[in-house]
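Asks: Curious how this folds, go ahead:
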Amino acid sequence: MERPLTLSALEDAIATHCAAVLLDARPASMFTFVGNFASPRPDDPAHPDCAFQGHGPGDNAHGPSPTAGQRARRALLARLLGACERELAPSGIRARVLAWRPCGAIVYLYRPDRLARSLSDPRTSRALGQMGYRTEPRSPGPFCAALLAQLGARFSCAAGLPHEMGFFLGYPYEDVMGFITHRGRDFICFGCWKVYANPRRALRSFSRFKRCARRAERLRSSGATLADLARPVIPPVTGPPRGQTIRERTGT
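Replies: As a prediction, this is how the structure comes out:
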């Protein structure tokens, strides 16, 4: 069933699927905003991941040209996503569509500074370079934009989700490479991703992401905007009661 193309629907989807990014618990996240944004290729069967709401395979770049209706829906979603990005700009969060697919648009939300640090890790950078990515160092915004453009070009409805996608979602290096090496088998445990090393660290991350999702849901139901969710939490100022000096308060 196609989602309504409204700002409220998009904001709800972002709050639901990207809570950990909004609350600064991970560098990036993505989801499929369900809708008819591209025509399937005649030689490609519908992919089973098309309706999956946490990840999704990629673009239909080599398929038929989009219809007038699909182009209109793309333009509208792009405008709505731009409005969300402007709202989140003070918190340093960016948003983009990675790919347009018959089953929906792959929406990606990220924090450039955090993502750049993750992708600049020597092991990750070397692995991406071996996969054909150009990883020349530059400032966080352009660095992430260049790599994401290369990632978007690799999405293919027939090929499925690029295995290196885990790097762009902030997954640990060992787990991304373990998934690639073992072809998704022989994992220790799984949650948001399949774990091949340090399960305690992964389970702590899974638990933290769930807490973020619950908090975002609670705040959203109370009327919080995306900007409210992404606003840094300022700890309360602690000090002596008004009219009382520190010496009087501590008895020194």
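Asks: per-residue pLDDT, the spatially most central residue of the chain?
Replies: Closest to where the C-alpha atoms of the chain average out (C-alpha atoms, centre = their mean) is residue 29, at 1.4 Å. Looking at residue 29, its pLDDT stands at 98.
Asks: so who does the nearest residue to it once chain neighbours are set aside touch?
Replies: The spatial neighbour of residue 29 that comes closest, neighbours along the chain excluded (C-beta to C-beta, 6 or more residues apart in numbering), is residue 18 at 4.4 Å. In short, each C-beta sits where N, CA and C put it, glycine included. Applying C-beta atoms under 8 Å, 6 or more residues apart in numbering, we find residue 18 in contact with 29-31, 109.
Asks: The residue nearest to the centre of the chain: what secondary structure?
Replies: strand (DSSP: H, G, I helix; E, B strand; the rest coil).
Asks: oh, and call the first residue 6 from now on, that's how I've got it
Replies: Got it, the first residue is 6 from now on, which makes the last one we talked about residue 34.
Asks: thought it was touching residue 27?
Replies: No - when contacts are counted by C-beta atoms under 8 Å, residue 34 is not listed as touching residue 27 (9.0 Å).
Asks: Please enumerate the strands of the stretch 56-205 of the chain.
Replies: 99-106, 109-115, 194-195, 199-200 (DSSP state E, counting those that start in this stretch).
Asks: quick one, which of these is packed in tightest?
Replies: Comparing these by mean neighbour count (mean count of other C-beta atoms under 10 Å), strand 109-115 ranks first with a mean of 25.
Asks: Could you tell me which strands that one is paired with, and in which direction each runs?
Replies: Its sheet considered, strand 109-115 pairs with strand 33-39 (antiparallel), strand 99-106 (antiparallel) by DSSP bridges.
Asks: closest to residue 129 out of these?
Replies: Counting by C-beta to C-beta, residue 129 lies closest to strand 33-39 out of the strands paired with strand 109-115; the figure is 13.1 Å.
Asks: And that closest one, how far out from the chain middle?
Replies: 6 Å (C-alpha atoms, centre = their mean, to the nearest Å).
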